[in-house]
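Undergrad: here is a sequence with its predicted model. Questions after.
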Number of protein chains: 2
Amino acid sequence: MKTIEGGICAVEGVLASGSCENEYGVAVIVCEDSNASAVFTSNKVVAAPVIITKEAIENGKLSAIVANSGNANCFTGEKGMDNGRSMASKVGKKLDFKVNDVAVSSTGVIGRELPMNIINCLIDNALEGLENSPKASTNAAEAIMTTDTFSKEFSVETKLKNGEKVRIGGITKGSGMIAPNMGTMLAFITTDIDATSQELEKALKKAVDATFNMVVVDGDESTNDTVVIMANGRSKANIDENFQEALEYVCSQLTRMLAKDGEGATKFMEVEVNEASTTKDARNAAKAVVSSSLVKTALFGADPNWGRIVAAVGYSGVEMDERIISVSLASNQNNVKIVDQGVVNAFEGTKELEDAENIMKEKDIRIIIDLGLGNSTATAFGCDLSYDYVRINAEYTT
Amino acid sequence: MKTIEGGICAVEGVLASGSCENEYGVAVIVCEDSNASAVFTSNKVVAAPVIITKEAIENGKLSAIVANSGNANCFTGEKGMDNGRSMASKVGKKLDFKVNDVAVSSTGVIGRELPMNIINCLIDNALEGLENSPKASTNAAEAIMTTDTFSKEFSVETKLKNGEKVRIGGITKGSGMIAPNMGTMLAFITTDIDATSQELEKALKKAVDATFNMVVVDGDESTNDTVVIMANGRSKANIDENFQEALEYVCSQLTRMLAKDGEGATKFMEVEVNEASTTKDARNAAKAVVSSSLVKTALFGADPNWGRIVAAVGYSGVEMDERIISVSLASNQNNVKIVDQGVVNAFEGTKELEDAENIMKEKDIRIIIDLGLGNSTATAFGCDLSYDYVRINAEYTT
């Protein structure tokens, strides 16, 4: 597997484009005659575009996605459904797709009607600019940004077990952090694999469970979260384990970007839980630690606070035993065990504490927890809780 | 029912005392020959005093409690168990109780050995000062404070259905907020009701579920949380619904004090959920809203952000329908419906938005959510998320 440039346009036949005006943006992605699948927010309040895209994808087919930023088209009633459908229909008409082959996504403020005059104008511009190029992928990634501070795209080429090559590309924006008033995690993935929508569904769900579902910025789940995969089959190659691995790698790289760009984040953390009794336990423990306000503030304050880490594992509900748990901290250069099978190593005056403090001063920090109970493992992704998180979210006004 | 002074010492026969030195404090509470019950943290990492008190209370009997602040005696292994037992034994010897009739609580930093020379000295001082007076209750309440900014006590006298009078008093400290490194919610309640430990257990569990278990500051659950009730039977009156009501009232007043004194809190919020399908749904919805970082920062920023409130209900997992949900904001003086059966009332230029903004500027705010589905109701208690929360928790160093 190798990283390549091009984002969603790394895949042959994919066209992309983006157009922005003030706080609004529209991205159009074309991946004609694709088999497709998607996963959505489990929030019971769902935005109109989520309902529309669920319907569109029911037959396992998509040819395009139209996504806007600036307004989430959520809590907008029948009018919101009409507006969402009209976005799909406009794109379908122009490109000669059935309205049902066009997915719709929205992100931004909720409870306000979409400004259709602006959105229509941006759709027209985007349709004009469609092309297959790295720049076009970046334009699309930029058009869906809200409070994101950088655009997010990633692409790979991998060899399948039989030697055939396939490509996967993706763009994403503003994660679980929900920014600024109901931001959203949106991710759009393209590939040239030749797979049925059922195969894609299975592969996507598995990848998302290990990646996008493991990123926590503030624990608030949005009304619009959507991940879509479209596979145009141009490689004529069939799905196998190598494809799954590459898909998870693309999703995990996009997930890392989301966590690094969490609202107000000054530091990135990965929490790796090993030796758990079950995968569910490993995931729940990792998510409890990465979500803990006390761990997040300790990260911001560069404090190697093993007590908060162990306590978060304790209340996560997973099987654990404080007498055999071990905790390590790691940066790109260093690694130190601060709790060794229930015994604290990093206390005042020790080299371990000094090392731990130095690691906590870095930007990218890994917390490694060994439960000593089984063979399951999981990683969660997150960031610190800073003054800026409070400022960004307190200053925003409906 | 009437509020009276005296805290835990409002109950005849109760002796209390507190002694402090630097960051350490010890409270002793004597309520001789009481029937007793307690509820504890569900964190799987539990401190030594929690284990000791669980053992002590197994026979439903207590005569005293010794509690220290400054060190949580958690993650301290066998040595921690020995130290906790020696605290109970010292108090028992002096007052002629069995060691098993003395409960032990600790709160403060975790993972460090109790400084027994200081703790023993403070226990001696506290034992010397035991008396039945309002001042003694306050001394005990002060001795268990950690990052609390004020001491917390409350007491009532109530008439039972048969006309007999009973009293209930309580002290508490530093709630679910876990301050500064594993603070703890401790609460000690005394009463002169004549009840069996089984009756007390039932009454306490019901009261705690509706009060202490509904307070959220940062969602991190401590390793030491403990609520103990001791009933010395002096009133010779038996438990009835009026006692239950009074007990819940005392617990809810103590809970409000905890929420108001949340770390860095500048505002207090109560979230009331009505018309839920089940009590469990009502509680889960109320807790989701009161825990939401986005609602908490909106409170800090005085933003009547109904979108974040509705979205939190949406991801709480409870039965809800966005087309019939209503949301109101209230202060002591005012009340405004901002979402009326799925329709937003408070948009730009409306009196509703102006009213809502004025309410959000106050210190005590009630968020009232009507789900329109059933008859169940619940209230959760919390506070805003401020710069100071981040500062307090980021600056603390292990």
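TA: Cool, got the structure.

Undergrad: now do the helices in chain A.
TA: Using DSSP state H, the helices of chain A run over A:48-56, A:77-95, A:116-128, A:134-143, A:197-210, A:241-260, A:279-291, A:293-300, A:306-315, A:351-360, A:387-395.

Undergrad: the third one versus helix A:77-95: what angle between them?
TA: With axes from the mean of the first three to the mean of the last three CA atoms, to 10 degrees defining the directions, helix A:116-128 sits at 30 degrees from helix A:77-95.

Undergrad: can you give me the buried ones in helix A:116-128?
TA: Neighbour-count burial for helix A:116-128, counted by 16 or more other CB atoms under 10 Å in any protein chain shown, picks out A:118-120, A:122-123, A:125-127. Every C-beta, even on glycine, is put in place using the N, C-alpha and C of the backbone.

Undergrad: and if you look at the second one?
TA: Along helix A:77-95, these residues count as buried under the neighbour rule (16+ other CB under 10 Å): A:80, A:83-92, A:95.

Undergrad: what's the most distant pair in those?
TA: Farthest pair in the buried residues of helix A:77-95 (CB to CB) is A:80 and A:95. Separation: 23.5 Å.

Undergrad: show me which of the buried residues of helix A:77-95 is closest to residue A:308.
TA: Nearest member of those to residue A:308, counting by CB to CB, is residue A:80, at 41.9 Å.

Undergrad: next one: that closest one from residue A:288, what distance?
TA: Distance of residue A:80 to residue A:288, given as CB to CB, to the nearest Å: 35 Å.

Undergrad: again with residue A:298
TA: 14 Å.

Undergrad: flag every residue of the stretch 201-350 of chain A that's near chain B.
TA: Residues of the stretch 201-350 of chain A that fall close to chain B, judged by CB under 8 Å from any CB of the partner chain: A:218-223, A:291-294, A:297-298, A:300-301, A:303-308, A:310-315, A:320, A:322-323, A:342, A:344, A:346-347.

Undergrad: give me the buried subset of the residues you listed.
TA: A:218-223, A:291-294, A:297-298, A:300-301, A:303-308, A:310-315, A:320, A:322, A:344, A:346.

Undergrad: what sits up against stretch A:45-56?
TA: For stretch A:45-56, contacts defined as CB atoms under 8 Å, 6 or more residues apart in numbering or on different chains pick out A:38, A:40-41, A:62, A:72-76, A:80-81, A:83-85, A:87-88, A:100-106, A:110, A:223-224, A:226, A:228, B:310-311, B:313-314, B:320, B:322.

Undergrad: quick one: it to chain centroid distance?
TA: Taking CA atoms, centre = their mean, to the nearest Å, the mean C-alpha location of stretch A:45-56 is offset from the chain mean by 19 Å.

Undergrad: what about the closest residue to residue A:353 other than its chain neighbours, distance to residue B:72?
TA: Residue nearest to residue A:353 in three dimensions, not counting chain neighbours: residue A:346, with 4.2 Å by CB to CB, 6 or more residues apart in numbering or on different chains. According to CB to CB, residue A:346 stands 18 Å off from residue B:72.

Undergrad: likewise for residue A:24?
TA: Distance, residue A:24 to residue B:72, using CB to CB: 52 Å.

Undergrad: neighbour count winner among those two?
TA: residue B:72 (31 against 19; other CB atoms under 10 Å in any protein chain shown).

Undergrad: quick check, that one in contact with residue B:109.
TA: Yes - assessed by CB atoms under 8 Å, residue B:72 is found in contact with residue B:109 at 6.3 Å.

Undergrad: and the residue of the stretch 1-150 of chain A closest to chain B?
TA: residue A:45 (3.4 Å; CB to the nearest CB).

Undergrad: which ones are touching the nearest residue to that residue once chain neighbours are set aside?
TA: The spatially closest residue to residue A:45, leaving aside those adjacent along the chain, is residue B:314, at 3.4 Å (CB to CB, 6+ apart). By CB under 8 Å, 6+ apart, the contact set of residue B:314 is A:43-46, A:221, A:223, B:320, B:322.

Undergrad: quick one, what contacts residue A:115?
TA: Counting by CB under 8 Å, 6+ apart, residue A:115 has contacts A:24, A:71.

Undergrad: go on, residue A:331?
TA: Taking CB under 8 Å, 6+ apart as the test, what residue A:331 contacts is A:359, A:362, A:364-366.

Undergrad: how about the contacts of residue B:314 in CSV, adding distance to residue A:254 and pLDDT?
TA: Output for the contacts of residue B:314, formatted as CSV (distance: CB to CB, whole Å; pLDDT from 0 to 100):
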residue, distance to residue A:254, pLDDT
A:43, 21, 83
A:44, 26, 83
A:45, 25, 85
A:46, 22, 87
A:221, 18, 70
A:223, 21, 79
B:320, 31, 95
B:322, 29, 90
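
Undergrad: for residue A:41, give its distance to residue A:103.
TA: Applying CB to CB to residue A:41 and residue A:103 gives a distance of 15 Å.

Undergrad: in the stretch 101-250 of chain A, where is pLDDT below threshold?
TA: A:175-183, A:218-219 (pLDDT under 70).

Undergrad: residue ranges with poor pLDDT in the stretch 251-398 of chain A?
TA: Using pLDDT under 70, the stretch 251-398 of chain A drops low at A:396-398.

Undergrad: hey, which strand is longest across chain A?
TA: What stands out as the longest strand in chain A, according to DSSP state E, is strand A:24-40.

Undergrad: quick one: mean pLDDT over that one.
TA: For strand A:24-40, mean pLDDT is 97.

Undergrad: how about stretch A:49-65 as CSV, C-alpha atoms only?
TA: Extracted as CSV, the C-alpha positions of stretch A:49-65 are listed here (Å, rounded to 0.1, in the frame of the first residue of the first chain):
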residue,chain,number,x,y,z
PRO,A,49,-30.4,15.5,3.8
VAL,A,50,-29.7,12.4,6.0
ILE,A,51,-33.3,11.2,5.2
ILE,A,52,-32.9,12.0,1.5
THR,A,53,-29.6,10.2,1.2
LYS,A,54,-30.9,7.2,3.1
GLU,A,55,-33.6,6.9,0.6
ALA,A,56,-31.3,7.5,-2.4
ILE,A,57,-28.9,4.8,-1.3
GLU,A,58,-31.5,2.1,-0.6
ASN,A,59,-31.0,0.5,-4.0
GLY,A,60,-27.2,0.4,-3.5
LYS,A,61,-26.5,2.9,-6.3
LEU,A,62,-25.2,6.4,-6.5
SER,A,63,-23.6,8.6,-9.2
ALA,A,64,-23.0,11.8,-7.4
ILE,A,65,-23.0,13.7,-4.1
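
Undergrad: and that stretch, what's its mean pLDDT?
TA: Mean predicted lDDT for stretch A:49-65 stands at 97.

Undergrad: the residue lying closest to residue A:322 once chain neighbours are set aside and residue A:336: what is the separation?
TA: Nearest residue to residue A:322 in three dimensions, chain neighbours excluded: residue B:45, at 4.8 Å (CB to CB, 6+ apart). Between residue B:45 and residue A:336 the computed distance is 21 Å (CB to CB).
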